[in-house]
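Student: The amino acid sequence is not available; the structure is as follows:
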């Protein structure tokens, strides 16, 4: 009879200079990508890769690349505005998480109505 609250959402960094897709981390001299998996997937997609052929040692990265590659249209890839590309793929990551969660929840057996 318990309740469960599930919160989903992608993460994206902004460094102190305001660059989207980067974050300043303690102990590092320069900013680094955040979310690194999404930024990496975007770069691969821009270079024409849609899967890693099982070469990835990270199943999550492989899934992100596979799912994201089908959601990024050529018009986004050809845009010179890198911030817009990163914002677009971040939103797509939210959509992917939402859709995946909906799929999982659709498989949960329904409880019979209590009388």
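Tutor: Thanks, I have the structure now. On a predicted model such as this, the values are computed, not experimentally measured, just so you know.
Student: what comes up buried for the helix ranked longest in the chain?
Tutor: When the chain is scanned for its longest helix (criterion: DSSP state H), the result is helix 82-106. For helix 82-106, a neighbour-count test (16 or more other CB atoms under 10 Å) marks 85, 86, 88, 89, 90, 92, 93, 96 as buried. Where C-beta positions appear, they are placed from N, C-alpha and C, glycine not excepted.
Student: Which secondary structure elements does it sit against?
Tutor: Applying 3 or more CB pairs under 8 Å, 6 or more residues apart in numbering; DSSP states H and E, one finds that helix 82-106 contacts helix 36-46, helix 59-69, helix 74-77.
Student: Which of those helices has the highest mean neighbour count?
Tutor: helix 36-46 (a mean of 19; mean count of other CB atoms under 10 Å).
Student: That helix vs helix 59-69, what angle?
Tutor: 50 degrees (axes from the mean of the first three to the mean of the last three CA atoms, to 10 degrees).
Student: got the buried residues of helix 82-106 as a markdown table, with pLDDT and distance to residue 3 columns?
Tutor: Below are the buried residues of helix 82-106 laid out as a markdown table (pLDDT from 0 to 100; distance: CB to CB, whole Å):
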| residue | pLDDT | distance to residue 3 |
| --- | --- | --- |
| 85 | 93 | 38 |
| 86 | 92 | 35 |
| 88 | 94 | 34 |
| 89 | 94 | 33 |
| 90 | 92 | 29 |
| 92 | 95 | 30 |
| 93 | 93 | 27 |
| 96 | 95 | 25 |
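Student: Can you name the residues that contact the spatially most central residue of the chain?
Tutor: Centroid-nearest residue in the chain: residue 93, 3.4 Å away (criterion: CA atoms, centre = their mean). Taking CB atoms under 8 Å, 6 or more residues apart in numbering, we find residue 93 in contact with 10, 35, 38, 64, 68.
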